[in-house]
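J.: next comes the sequence, and after it the predicted model I'd like to discuss.
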Amino acid sequence: MKYFKFFIPRMADGTPASYSIGWHGTLGRCPSNAKVLCYNDKEGYGLACTPDDTLPEGISPMSKADCDKQLARLKPEAGVHIGDEAIYKKFADMVETEPVIIEEKPETDLEELG
């Protein structure tokens, strides 16, 4: 397993850029089957791992021990999502829970229009 750190870009107003679940950085070629271990929107990075033997150019590998140390120093708080459950909750909270009802307009009979 290869471990790596990726960076979360900031918008002009300083807020983290939007991304979807499983996103692990902006790269020309991403590692396959990457698993995100944490999103730290507060500090602008995430940690992930992949079973790939090598990482694409531009990704600096880290040891499992270093990754574990970084994860251990993090505390779950606003903007810090550690582990599957917290990551899932981050994205589940973003999804609208109320159904959206779209009012259908009745079909118009063209013959009635003349």
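T.: Here it is on my side, so go on. Numbering: from 1, shown residues only.
J.: rounded mean pLDDT for the longest helix seen in the chain, please.
T.: Taking DSSP state H as the criterion, the chain has its longest helix at helix 83-94. Per-residue pLDDT values across helix 83-94 average out to 79.
J.: what does stretch 3-15 rub up against?
T.: 16-17, 19, 24-26, 31, 39-41, 44-50, 55, 59-64, 66-67, 70 (C-beta atoms under 8 Å, 6 or more residues apart in numbering). Quick note: C-beta positions are derived from backbone N, CA and C, even for glycine.
J.: hmm, back to that, what helices or strands is the longest helix of the chain leaning on?
T.: Judged by 3 or more C-beta pairs under 8 Å, 6 or more residues apart in numbering; DSSP states H and E, helix 83-94 is in contact with strand 35-40, strand 80-82.
J.: mind redoing it with 7 Å?
T.: The helices and strands touching helix 83-94, judged by 3 or more C-beta pairs under 7 Å, 6 or more residues apart in numbering; DSSP states H and E, are strand 35-40.
J.: gap between the strand it packs on and the chain center?
T.: Here the centre of mass of C-alpha atoms in strand 35-40, compared against the chain's by C-alpha atoms, centre = their mean, to the nearest Å, lies 8 Å away.
J.: likewise for stretch 37-50?
T.: Using C-alpha atoms, centre = their mean, we find the averaged C-alpha position of stretch 37-50 to lie 9 Å away from the chain's own average C-alpha position.
J.: please point out which parts of that stretch sit buried.
T.: When neighbours are counted by 16 or more other C-beta atoms under 10 Å, the buried residues of stretch 37-50 are found to be 37-41, 44, 46-50.
J.: in the chain, which spans are helices?
T.: Remark: helices assigned in the chain by DSSP H are 64-73, 83-94, 110-113.
J.: how about CSV for the ones you listed, with mean neighbour count and distance to Arg10 added?
T.: Compiled in CSV, these are given as follows (neighbours: other C-beta atoms under 10 Å; distance: least, C-beta to C-beta, whole Å):
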stretch, mean neighbour count, distance to Arg10
helix 64-73, 13, 20
helix 83-94, 12, 17
helix 110-113, 6, 53
